[in-house]
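**Q** Pasting a predicted model and its sequence here:
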Amino acid sequence: MGLDVKMVSVCCTMVLTTMFLSTYAQTCSNYAFANNAVFSSCNDLPVLNSFLHYTYNPSSQTLAIAYRHTNFDSSKWVAWGINPTSQGMAGTQALVAFQQSDGSMKVYTSPITGYATQLAEGDLSFPVSDLSATFSNNEIVIFATLGLQNGTGATMNQVWQEGQLSGNAPTAHATSGDNIRSMGTVNVLSGQSGSAGGASGTSSKTTKRNIHGVLNAISWGIMMPLGAIIARYLRVFPSADPAWFYLHVTCQTSAYVIGVSGWATGIRLGSQSPGIQFTAHRVIGIILFCVATLQVIALLVRPKKEHKHRIFWNIYHHSLGYSIIILGIINIFKGFDILNPEKKWERAYTGIIIILAIVAAILEAYTWLVVLKRKKAANAEKMTNGNGYANNGTNGHYPYSGMTGRV
């Protein structure tokens, strides 16, 4: 009986393993089309659950293709195309397909002239025949034969994409994550595909994005709040004066320099990505840079502590400082949404912000406790000396105004 159970277990395991391997193998090269179409080459495209099957006929200079997109639902559209003139979306000669609201398939050609395209129908720069599309089992496939007699060459720039439908009309696709990485090259003779501009080009832009994110997260998102905590809470300790002031200035100045470097990297990335706009992130970044620069300039005109206008400078300085911190944290989370990194990075930053907030709350309570104790002791001493509540300029002021040190 025990042997029979073991044999059944082994058989079930073998069957499940065979099914898994078969399913895995069918992602590309061993995939069987329902219409029995056969292609000589196949590439697993790196993003958006996409695959390209194709056969190139050198004598007729035609390319028969089948573009597959899996894990698909009927609320979306897909497109695949060749860009004969450059890398990227603008200039792509695309094939577009989606399931209409009545269940029928819509497939057509669309020449993309710019990034604000609505995927309008139109003729491509090369002839297209045998154009059709199928949708079943959450998989959509576009079939077509392309005439490449116009000299596109063996290696071509390819672009593939997906987006949401509004009724029976395609809407703009997402401008972050895999949707801005869905481009590359394909060599129809060798059967090899690659990243757009080569691996080094894609890696370089990704590296710049990561540098932009890291610099801004460290500067605006961590060092600026830390510098504010130093200024607000360390000066309650007489022994920390004037060390807290120099720590505050060093921390904020370093944050500004690093933050401007990250900001400049972001502006550069934007200029290298025409048509891809993250308006809110960009606007907040520009405002943040301007406000921080005004804060730095204000240090050059800071009145002396005893000056009658110093209180107005303090209000200005504190208001801009807290605005910088709030805008910086908001924009960092917007950056996370754009870069779409692994969740652990966003969680790590969120944890740092929570820790800083807890530390600030504890220090705030402790600071008020110390200030109130000092005020009580000072009042008691005045009463003992018979001075009562003499007008010595400390009573009724902001809790930190009576402390020694710089403000």
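**A** Done, it's in. Residues are numbered from 1 along each chain as shown.
**Q** Could you measure from the residue nearest to Glu364 when sequence neighbours are not counted over to Lys382?
**A** Of all residues not flanking Glu364 in the chain, Tyr233 sits nearest, at 7.3 Å (CB to CB, 6 or more residues apart in numbering). C-beta coordinates here come from the backbone N, C-alpha and C atoms, glycine included. Noted for Tyr233: a distance of 27 Å to Lys382, by CB to CB, to the nearest Å.
**Q** between the two, which one's more packed in?
**A** Legend: neighbour count by other CB atoms under 10 Å for Tyr233 and Lys382, higher for Tyr233 (19 against 15).
**Q** Sticking with the more buried one, tell me its helix or strand.
**A** helix 224-233 (DSSP states H and E).
**Q** so what's the residue nearest to Ala154 when sequence neighbours are not counted up against?
**A** Once flanking residues are discounted, Ala154 sits nearest to Leu189: 4.5 Å by CB to CB, 6+ apart. Taking CB atoms under 8 Å, 6 or more residues apart in numbering, we find Leu189 in contact with 56, 58, 154.
**Q** Leu189 and Gly227, how far apart?
**A** 59 Å.
**Q** and what of Val371?
**A** Distance, Val371 to Gly227, by CB to CB: 21 Å.
**Q** Which one's more surrounded, the two?
**A** Neighbour count, other CB under 10 Å: between Val371 and Gly227, Gly227 has more, with 22 against 17.
**Q** surely that one meets Ile258?
**A** No: assessed by CB atoms under 8 Å, Gly227 is found out of contact with Ile258, at 12.0 Å.
**Q** quick one on the thing from earlier: I'd like the next helix or strand past the helix holding Tyr233.
**A** For helix 224-233, the following helix or strand on the C-terminal side (DSSP H and E) is helix 243-271.
**Q** Any buried residues in that following helix, and which?
**A** 244-245, 247-248, 251-252, 255-256, 258-260, 262-263, 265-266, 269 (16 or more other CB atoms under 10 Å).
**Q** cool, stretch 161-177 as well?
**A** Quick answer for stretch 161-177 (16+ other CB under 10 Å): 161-163, 165, 170, 173.
**Q** contacts for that stretch?
**A** 48, 69, 72, 75-80, 89, 96, 98, 100-101, 106, 118-119, 179, 182, 276-278, 337-340.
**Q** quick one on the thing from earlier: from the buried residues of stretch 161-177, which land in strands?
**A** In strands, judged by DSSP state E, the following of the buried residues of stretch 161-177 are found: 161-163, 165, 170.
**Q** Could you dump the residues you listed into CSV with distance to Ile353 added?
**A** Below are these laid out as CSV (distance: CB to CB, whole Å):
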residue, distance to Ile353
Gln161, 35
Glu162, 34
Gly163, 33
Leu165, 38
Pro170, 39
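**Q** Which pair of those residues spans the longest distance?
**A** Gln161 and Leu165 (13.3 Å; CB to CB).
**Q** if I look at Thr265, how far off is Ser166?
**A** According to CB to CB, Thr265 stands 35 Å off from Ser166.
**Q** Equivalent analysis for Ser239, please.
**A** Distance of Ser239 to Ser166, computed by CB to CB: 65 Å.
**Q** tell me what the helix or strand containing Ala292 is packed against?
**A** Element membership for Ala292, per DSSP H and E: helix 279-300. With contacts taken as 3 or more CB pairs under 8 Å, 6 or more residues apart in numbering; DSSP states H and E, helix 279-300 sits against helix 243-271, helix 310-339.
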